[in-house]
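# sequence below, structure please.
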Amino acid sequence: MGPRSQRLLLQIVTPLITVGAAAYLTHRVPGLQNRSALFLFLAAVICSTRLGGWASGLFATILSVVVTTYFLSHSFRIQSADIFPLGIFLFIALAILSLHAARGRSDMALRASEQRLLLALDTAHMGVWDYNLLTRKFWWSKTLEVIYGRTSGDFPPTYGRFFGFIHFDDQPMFNRAITRTIDEGTDYEVDHRIILPDQSIRWVNTRGRVFFNQDSRAERIVGVATDITAKKKAERSPQMSHDDADESRLTTVG
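All right, here's what the predicted structure looks like:
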């Protein structure tokens with residue numbers, strides 16, 4: 001059975017189980033064989049919507065109206081006295097379905113936005129980290145793990161340990177840049193070295209900015225890291241060639 005068939009089965013079975021459970025309780029508990037039973041069926045609609053989605057919730061709503069009509073009038077004909085409570089039930093149920101649909105669209109849009117961002121970061125070979133100065137929560141992108149040569153399992157969960165990956169000689173410079181951007185509110189950019197798990201060195205360009213809350217208090221600081229190791233090697237190559245040439249001339253003269 002494929003994922004689509006499983007999804008369809010879930011959308012059908014879930015309302016049958018939840019509405020069936022509500023009907024069973026209504027039938028077994030004499031005190032529920034009135035309009036108060038609508039709360040049980042409303043719970044069934046909520047459960048069906050959460051578990052099976054919008055279509056499942058709609059199916060549960062239809063089943064609930066049919067079953068509650070029978071319990072209220074002992075037939076499948078809606079009595080005039082039951083129109084108002086059933087109308088309220090339908091209004092609430094449809095409101096739940098509408099909110100779920102809106103949330104679903106919002107989640108889909110968010111996932112699409114995250115996918116586009118991750119694609120852009122991966123294409124540009126960039127990684128992002130976000131440190132909340134107030135809650136001390138530290139977030140990073142998957143692409144940052146690649147730059148730092150690590151995986152999710154061994155990437156540091158705190159900013160302090162993340163800071164420890166920076167080369168010891170570059171830590172004061174990095175810390176000054178971060179402190180200045182917090183104090184002055186200006187963006188920062190710094191080239192620094194990081195230490196990989198095999199103790200090799202990689203050059204990284206980190207730039208970012210600080211974000212303030214409504215009280216003008218520094219709340220978050222964000223960094224965007226780019227691997228510039230190849231650039232640094234290219235910059236050093238002409239200098240090394242020049243030094244070799246000077247050394248060769250000195251040897252010849254000697």
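
# so residue 226 sits in a strand?
Yes - assignment of residue 226 by DSSP: H, G, I helix; E, B strand; the rest coil places it within a strand.

# for it, grab the count of nearby residues.
17 (other C-beta atoms under 10 Å). For the C-beta atoms, the positions are set from N, CA and C on the backbone; glycine is no exception.

# correct me, but it touches residue 205?
Yes - in this structure, residue 226 is within contact of residue 205 by C-beta atoms under 8 Å, at 4.7 Å.

# now do the strands in the stretch 151-254 of the chain.
For the stretch 151-254 of the chain, the strands defined by DSSP state E, counting those that start in this stretch cover 188-195, 201-212, 218-227.

# switch those strands over to JSON lines; also include distance to residue 89 and mean pLDDT.
Below are the strands of the stretch 151-254 of the chain laid out as JSON lines (distance: least, C-beta to C-beta, whole Å; pLDDT from 0 to 100):
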{"stretch": "strand 188-195", "distance to residue 89": "57", "mean pLDDT": "95"}
{"stretch": "strand 201-212", "distance to residue 89": "45", "mean pLDDT": "93"}
{"stretch": "strand 218-227", "distance to residue 89": "44", "mean pLDDT": "92"}
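
# distance to residue 100 added to those strands, as TSV?
Output for these, formatted as TSV (distance: least, C-beta to C-beta, whole Å):
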stretch	distance to residue 100
strand 188-195	43
strand 201-212	32
strand 218-227	31
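
# any stretches of the stretch 51-200 of the chain with poor pLDDT?
Low-confidence segments of the stretch 51-200 of the chain (pLDDT under 70): 72-76, 78-79, 81-82, 106-125.

# what are the ranges of the helices in it?
Secondary structure of the stretch 51-200 of the chain (DSSP state H, counting those that start in this stretch): helices at 54-73, 83-123, 142-147, 159-163, 171-184.

# next, count neighbours for the residue nearest to residue 59 when sequence neighbours are not counted.
Of all residues not flanking residue 59 in the chain, residue 15 sits nearest, at 4.4 Å (C-beta to C-beta, 6 or more residues apart in numbering). A count of neighbours around residue 15, defined by other C-beta under 10 Å, yields 27.

# how big is the angle separating the helix or strand in which residue 15 is found from helix 54-73?
According to DSSP states H and E, residue 15 maps onto helix 3-28. Here the directions of helix 3-28 and helix 54-73 differ by 20 degrees (axes from the mean of the first three to the mean of the last three C-alpha atoms, to 10 degrees).

# quick check: mean pLDDT of helix 3-28?
For helix 3-28, mean pLDDT is 80.

# which strands and helices sit next to it?
Packing contacts for helix 3-28, counted by 3 or more C-beta pairs under 8 Å, 6 or more residues apart in numbering; DSSP states H and E, involve helix 37-52, helix 54-73.

# nearest to residue 138, of those helices?
Closest approach to residue 138 among the helices and strands packed on helix 3-28 is made by helix 37-52 (31.3 Å; C-beta to C-beta).

# buried residues, that closest one. List them.
Neighbour-count burial for helix 37-52 flags 37-38, 40-42, 44-49, 51-52 (criterion: 16 or more other C-beta atoms under 10 Å).

# now those in JSON lines, with distance to residue 11?
Shown next, in JSON lines, are the buried residues of helix 37-52 (distance: C-beta to C-beta, whole Å):
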{"residue": "37", "distance to residue 11": "24"}
{"residue": "38", "distance to residue 11": "23"}
{"residue": "40", "distance to residue 11": "21"}
{"residue": "41", "distance to residue 11": "18"}
{"residue": "42", "distance to residue 11": "19"}
{"residue": "44", "distance to residue 11": "14"}
{"residue": "45", "distance to residue 11": "13"}
{"residue": "46", "distance to residue 11": "15"}
{"residue": "47", "distance to residue 11": "13"}
{"residue": "48", "distance to residue 11": "8"}
{"residue": "49", "distance to residue 11": "10"}
{"residue": "51", "distance to residue 11": "9"}
{"residue": "52", "distance to residue 11": "4"}
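
# show me which of those residues is closest to residue 105.
residue 49 (14.5 Å).
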